[in-house]
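Trainee: Kindly generate the corresponding structure for this input.
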Amino acid sequence: MYRDAVSRLDAYSANSLNDAVAHLKLGRALLREGRYAQAEPESLFGYNYLVANVAPNDRFLVMARKDLASIYDGLYDTEKATRYRAELAAAAQSARK
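Mentor: Below is the predicted model of the structure:
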């Protein structure tokens, strides 16, 4: 279902918030299946759009960071997982101020 949504949005609404969220949701579905290598590019696509276009504490951007940390844990890439956890902590800290 998410692959179909991504395909349609890539064709008609590429580089939009809806396109980014569709990629994130596909990435999350793949993550839940333990398909980390396939989840990574989908989640990164959504993350890269969101980080440039929404507030640091946007719920979808928070979701993308959490998912990427989990993906990199699954891929045994501790350095990248730590990076996204640090971004989460920094965003949470700035929201408290």
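
Trainee: Spit out the contact partners of the most centrally placed residue in the chain.
Mentor: Nearest to the geometric centre of the chain sits residue 64, at 2.8 Å (Cα atoms, centre = their mean). Under the criterion of Cβ atoms under 8 Å, 6 or more residues apart in numbering, the neighbours of residue 64 are 24, 27, 43, 46-47, 50. Using the backbone N, CA and C atoms, a C-beta is placed for each residue, glycine as well.

Trainee: Just flag the most distant two among the residues you listed.
Mentor: 27 and 50 (12.1 Å; Cβ to Cβ).

Trainee: Mind checking which of those two has more residues around it?
Mentor: Set residue 27 next to residue 50 and count neighbours by other Cβ atoms under 10 Å: residue 27 wins out with 29 against 23.

Trainee: per-residue pLDDT, the more buried one?
Mentor: In this model, residue 27 is scored at 96, pLDDT.

Trainee: Cross-check the contact I'm expecting between it and residue 36.
Mentor: No. When contacts are counted by Cβ atoms under 8 Å, residue 27 is not listed as touching residue 36 (9.9 Å).

Trainee: joint contacts of these two?
Mentor: In contact with both residue 27 and residue 36: residue 71, using Cβ under 8 Å, 6+ apart.
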